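Enquirer: The following block contains a protein sequence and its predicted model.
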Amino acid sequence: MIYPLMCFLTVVTVIQVALPDLHVTWMCVTLLSVLYFTYCNEMWNQLDSLTGLLNQNSYLNRTAEMRSSGGLLIAFDVDSFKQINDCYGHLQGDVCLAAIAACLKKAYANDGYCYRIGGDEFCVLLKNAAKEAACKEEFLRQMEEQRRELEFLPTVSYGSALLSGENVLAVKEQADRAMYQYKKARKSCAAAKQEETTA
């Protein structure tokens, strides 16, 4: 949308300079306003209203483009999110989702695209797989910082898979499997620690 706007503005400027007696200013302002409104509306339709991250429609469009880019798909899932809603209420649940989204943006937005693709499910399309470790470390640091202000902020499980030309759904399933393995391993570790403290 931005390119037609720029072309239109250039053409109108040339006409106005070449034919100064022809007044097209108000017509141009009106048409530019309509085009700009359409552009802004399209941009807003790509965003999730709660978190400010890109939404599922945007995710589907981008995965089609990145299929053979050699990037990385990272799936995130909030641990025990239902308990947050049950114990603290849905408004506080929304606060948690917004806080997690802010951490994702700070850690990953410079190197990829951040999405909320479901209720408590997030996804990042990382342009360069080599940046994964540094971004993950920054995300965990941001989460710890947020937890100082929001004590009941839940943990987040994640898993990743390379985008290497195959079906994006298969890549997403692979990332989900890695995420659930991570979640299972952490639950087992927490249970083992609890047994040690009670013994």
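Expert: Arrived safely, thanks for sending. This is a predicted model, so every value here is computed, not measured.
Enquirer: C-alpha only now, for contacts and for neighbours.
Expert: Noted.
Enquirer: quick one: buried residues of the one helix or strand Y180 maps to?
Expert: Secondary structure from DSSP states H and E places Y180 in helix 168-198. Applying a neighbour-count criterion of 16 or more other C-alpha atoms under 10 Å, one finds 168, 171-172, 174-180, 182-183 buried in helix 168-198.
Enquirer: where does L126 fall, phi/psi-wise?
Expert: Listed backbone geometry of L126 is phi -90, psi 130, with angles given as degrees, to the nearest 10.
Enquirer: same thing with V156?
Expert: With angles defined as degrees, to the nearest 10, V156 shows backbone torsions of phi -130, psi 130.
Enquirer: show me the residues around it that make contact.
Expert: 76-79 (C-alpha atoms under 8 Å, 6 or more residues apart in numbering).
Enquirer: Okay, and the beta partners of it?
Expert: Judged by DSSP bridges, the bridge partners of V156 are V78.
Enquirer: G118 versus that one, what's the distance?
Expert: Here the criterion is C-alpha to C-alpha, to the nearest Å. By it, V156 lies 14 Å from G118.
Enquirer: same question, A99
Expert: Per C-alpha to C-alpha, A99 is found 16 Å from G118.
Enquirer: of those two, who's got more company?
Expert: With other C-alpha atoms under 10 Å as the criterion, A99 and G118 differ in neighbour count, and A99 comes out ahead with 19 against 11.
Enquirer: ok, now which ones touch the more buried one?
Expert: Contact criterion C-alpha under 8 Å, 6+ apart gives Q146 as the residues in contact with A99.
Enquirer: Quickly find the element holding it.
Expert: Counting by DSSP H and E, A99 is found in helix 90-108.
Enquirer: If you count contacts, what does whatever helix or strand comes next after that helix end up packed against?
Expert: Moving toward the C-terminus from helix 90-108, the next helix or strand (DSSP H and E) is strand 112-116. Judged by 3 or more C-alpha pairs under 8 Å, 6 or more residues apart in numbering; DSSP states H and E, the packing partners of strand 112-116 are helix 56-66, helix 90-108, strand 121-126.
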